[in-house]
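Q: Structure, please.
(4 chains)
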Number of protein chains: 2
Amino acid sequence: MASNDARSVIRLPAMEVPKASDVLANELRERILSGEYSEGTPLPPERELVVQTRMSRTTVREALRILEVQGLIRIRAGRSGGAFVQQPGGESVASSLDLLIRGRHLRLASVHETREAVEPSCARLAALHHTPTDLRRLDVTNDEVAAAENLDDFLRANVAWHIAVAEAGHNEILTGIMMALSRAIYTTTNNEGFVNEQVRSIAVRAHRSVTRAVAERDPDAAVRRMARHVHSYAAAALEADSRTEISVADH
Amino acid sequence: MASNDARSVIRLPAMEVPKASDVLANELRERILSGEYSEGTPLPPERELVVQTRMSRTTVREALRILEVQGLIRIRAGRSGGAFVQQPGGESVASSLDLLIRGRHLRLASVHETREAVEPSCARLAALHHTPTDLRRLDVTNDEVAAAENLDDFLRANVAWHIAVAEAGHNEILTGIMMALSRAIYTTTNNEGFVNEQVRSIAVRAHRSVTRAVAERDPDAAVRRMARHVHSYAAAALEADSRTEISVADH
DNA sequence: TTGGTCTAAAGGTCTGACCCAATCTAGCAT
DNA sequence: ATGCTAGATTGGGTCAGACCTTTAGACCAA
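A: This next block holds a predicted model:
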């Protein structure tokens, strides 16, 4: 090697040869993210993309599949089907967080830690930015929490209320994070049976007190009350299954 | 519609017919997430999966592509290549958050809001859970911040320090979130030119004071100082480009 | 009205071939 | 022996073309 150094002065950097499907996926992704195509705009049919790009249908389809998994397009079969542009929403963040949590077998503590970090801030933003519609939704969902007759109903309504708080803050990033955390907590708290009548009535009261702070646009109180609520809930859940890892969710 | 209600009492839910590639992807995903296969385990070659599943290679490949995008496998070409199991890491969360931020053209304020919500808690966890290695890394990266000679070096080192704080907290969810936020802030703060000598030296001092709190295992101080630092940085950045949306990152 | 049938458009799947990349190995040259 | 090069092998990447399935719409028949 060293003896060849003088052979030519030309030096080239290490190069990467991207896959064809990635090239197409990247191109389309940039266009979608740039906002060039608005929500719902149909991409050309696969066979049309084939003639335009001069790639094979296999390649085109792999590119579309990539974008679909990333939540950037939605694909429907049948006549007038095809690929339609879709701006990514909180769900894609939620599902990737979900994979992280389940795949790493993260301890329940990590999820609750994160929630304790995030949710009080959601309450704060909700107090600052909520609309009348948001307030109504908080009341409605908390009524459902109070009216729940079995464990599953309770958990579902509980998640709905917490997500309503996040959405009242009108910050889509935090909302996406909360959706993911809620899903994880939902699948773990289920089957645990630590949710008794007492826990439920305490939760309902805590929710009401947070809602009041939000309605009165008192961010500090909202933070304080939400922090206390989440912390005590986490402590109870952790005590109920100490040192347990998250079990695989039933699909 | 209403007149048809009486025609029959029978009600059926909307049904979904899953795609073959999704079926395979789901099957493999469940197995990977369950921990049945450890990190690095090779999946059978595509052609082998074809004979085992009696699906076509196209279908098998689409399934593998899905898992690859979700960060559950890594695919290498060439002899002794193939698909290898990979537990999802923070990067996949980061990239989906990145898509959300870029795709929705979220206001810079949203990103900073989220960061102000998350990062103080990272500091708190760092104060509680850090190891000697973590501390050293905080010092090293902050020295790089101080030594940076141009804007790009500064931003890079700055991101590295903040991620080091997150990792010192040993919570992978928060780490993933911080990675995503940092990436977004990096691409937006760049080109803005509000980072002058004064901002930089203030940042270095703030980092040192947070690091001290972490080293002394004083969670409250860590939270307070980090909150102040992040808040002032956000205020400065927001003032520098008020009411501006995130520009498309250069790839 | 209600249901059947047909057609066209579009995605979903299959087959089989060939191309490229990475690795291993046998054999040749020194 | 040593070292290197030329296949051989195993694997993913791409292509071309056919056929199946799903859906929308139109038209027809009871």
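Q: Next, count neighbours for A:Glu144.
A: By the criterion of other Cβ atoms under 10 Å in any protein chain shown, A:Glu144 has 16 neighbours. All C-beta atoms are positioned from the backbone trio N, CA, C, and that covers glycine.
Q: mind listing what the residue nearest to it when sequence neighbours are not counted touches?
A: Spatial nearest neighbour of A:Glu144, chain neighbours left out: A:Ala157 (4.0 Å); criterion: Cβ to Cβ, 6 or more residues apart in numbering or on different chains. A:Ala157 makes contact with A:Thr141, A:Glu144, A:Val145, A:Ala147, A:Ala148 under the criterion Cβ atoms under 8 Å, 6 or more residues apart in numbering or on different chains.
Q: can you pick the most crowded of these?
A: The residue in these with the most neighbours, by other Cβ under 10 Å, is A:Val145 (23 neighbours).
Q: That residue and A:His162 touch, don't they?
A: No. A:Val145 lies out of contact with A:His162 (Cβ atoms under 8 Å); the separation is 9.9 Å.
Q: quick one on the thing from earlier: just to be sure, which of the contacts of A:Ala157 are found in strands?
A: Assignment to strands by DSSP state E places none of the contacts of A:Ala157 there.
Q: Quick one: those as JSON lines, columns for distance to A:Ala180 and pLDDT too.
A: Below are those laid out as JSON lines (distance: Cβ to Cβ, whole Å; pLDDT from 0 to 100):
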{"residue": "A:Thr141", "distance to A:Ala180": "19", "pLDDT": "96"}
{"residue": "A:Glu144", "distance to A:Ala180": "22", "pLDDT": "94"}
{"residue": "A:Val145", "distance to A:Ala180": "21", "pLDDT": "92"}
{"residue": "A:Ala147", "distance to A:Ala180": "27", "pLDDT": "92"}
{"residue": "A:Ala148", "distance to A:Ala180": "23", "pLDDT": "89"}
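Q: Quick check: of those residues, which lies closest to DNA strand C?
A: Checking those against DNA strand C by Cβ to the nearest atom of the strand gives A:Thr141 as the nearest, at 34.7 Å.
Q: Against A:Arg156, how distant is that closest one?
A: Here A:Thr141 is placed at a distance of 10 Å from A:Arg156 (Cβ to Cβ, to the nearest Å).
Q: Name the residues of stretch A:173-193 that come out as buried.
A: Under the neighbour-count criterion of 16 or more other Cβ atoms under 10 Å in any protein chain shown, stretch A:173-193 has A:173-190 buried.
Q: near chain B, anything from it?
A: Yes. Stretch A:173-193 reaches chain B (Cβ under 8 Å from any Cβ of the partner chain) through A:Ile173, A:Leu174, A:Gly176, A:Ile177, A:Leu181.
Q: My guess is the first one contacts B:Ser110. True?
A: Yes. Under the contact definition of Cβ under 8 Å, A:Ile173 touches B:Ser110, with a separation of 5.7 Å.
Q: Up against DNA strand C, what does the stretch 1-150 of chain A have?
A: Residues of the stretch 1-150 of chain A lying near DNA strand C by Cβ under 7 Å from any atom of the strand: A:17, A:43, A:45-47, A:57-58, A:61, A:75-83.
Q: and DNA strand D, which of those reach it?
A: Among these, DNA strand D is touched by A:Arg57, A:Thr58, A:Arg76, A:Ala77, A:Gly78, A:Arg79, A:Ser80, A:Gly81 when using Cβ under 7 Å from any atom of the strand.
Q: can you tell me the helix or strand for the residue positioned nearest the centre of chain A?
A: By Cα atoms, centre = their mean, chain A has its centre lying nearest to A:Ala94, at 2.1 Å. Following DSSP states H and E, one finds A:Ala94 within helix A:90-104.
Q: Tell me how far whichever helix or strand comes after that helix lies from the chain's centre.
A: Next helix or strand after helix A:90-104 toward the C-terminus (DSSP H and E): helix A:108-129. Here the centre of helix A:108-129 is set off from its chain's centre by 14 Å, with Cα atoms, centre = their mean, to the nearest Å.
Q: how about helix A:108-129: buried residues?
A: So helix A:108-129, judged by 16+ other Cβ under 10 Å, has buried residues A:108, A:110-129.
Q: From the contact counts, what lies against that helix?
A: helix A:151-168, helix A:172-189, helix A:197-215, helix A:219-240, helix B:108-129, helix B:172-189 (3 or more Cβ pairs under 8 Å, 6 or more residues apart in numbering or on different chains; DSSP states H and E).
Q: what separates the first one from the chain centre, distance-wise?
A: Here helix A:151-168 shows a centroid-to-chain-centroid distance of 15 Å under the convention Cα atoms, centre = their mean.
Q: buried stuff in it?
A: Residues of helix A:151-168 classed as buried by neighbour count (16+ other Cβ under 10 Å): A:151, A:154-168.
Q: how far away is the residue of the stretch 151-251 of chain A found nearest chain B from A:Leu125?
A: Chain B sits closest to A:Ile173 of the stretch 151-251 of chain A, with a gap of 4.5 Å, by Cβ to the nearest Cβ. Here the criterion is Cβ to Cβ. By it, A:Ile173 lies 11 Å from A:Leu125.
Q: who touches both of those two?
A: Listed contacts common to A:Ile173 and A:Leu125 are B:Glu113; contacts here mean Cβ under 8 Å, 6+ apart.
Q: Next up, the contacts around whichever residue of chain A sits closest to DNA strand D.
A: Nearest residue of chain A to DNA strand D (Cβ to the nearest atom of the strand) works out as A:Gly78 at 2.2 Å. Listed by Cβ under 8 Å, 6+ apart, A:Gly78 has no contact partners.
Q: Which secondary structure element is home to it?
A: Of the helices and strands defined by DSSP H and E, none includes A:Gly78.
Q: Got the phi and psi for it?
A: The phi and psi values for A:Gly78, taken as degrees, to the nearest 10, are phi 90, psi 170.
Q: cool, and A:Ile75?
A: phi -120, psi 130.
Q: since we're on it, how many residues are nearby?
A: 17.
Q: my guess is it contacts A:Ala83, does it?
A: Yes. A:Ile75 is in contact with A:Ala83 according to Cβ under 8 Å; the separation is 5.1 Å.
Q: shared neighbours of the two, anything?
A: A:Leu64, A:Glu68.
Q: Pull the number of nearby residues for A:Asn196.
A: As a burial measure, A:Asn196 scores 10 neighbours (other Cβ under 10 Å).
Q: isn't there a strand covering A:Ala83?
A: Yes. Assigned with DSSP: H, G, I helix; E, B strand; the rest coil, A:Ala83 falls within a strand.
Q: can you pull the contacts of it?
A: A:Pro42, A:Leu43, A:Leu64, A:Leu67, A:Glu68, A:Ile73, A:Arg74, A:Ile75.
Q: Identify, from these, the entry nearest to A:Leu100.
A: Distance ranking of the contacts of A:Ala83 against A:Leu100, using Cβ to Cβ, places A:Glu68 first at 20.3 Å.
Q: contacting residues for A:Tyr153?
A: No, residue A:153 isn't Tyr; it's Asp. By Cβ under 8 Å, 6+ apart, the neighbours of A:Asp153 are A:Glu144.
Q: picking up where we left off before, quick one: the residue nearest to the centre of chain A from B:Arg228, how far?
A: According to Cβ to Cβ, A:Ala94 and B:Arg228 sit 31 Å apart.
Q: quick one: low-confidence ranges for chain A?
A: A:1-10, A:12, A:190-195, A:241-251 (pLDDT under 70).
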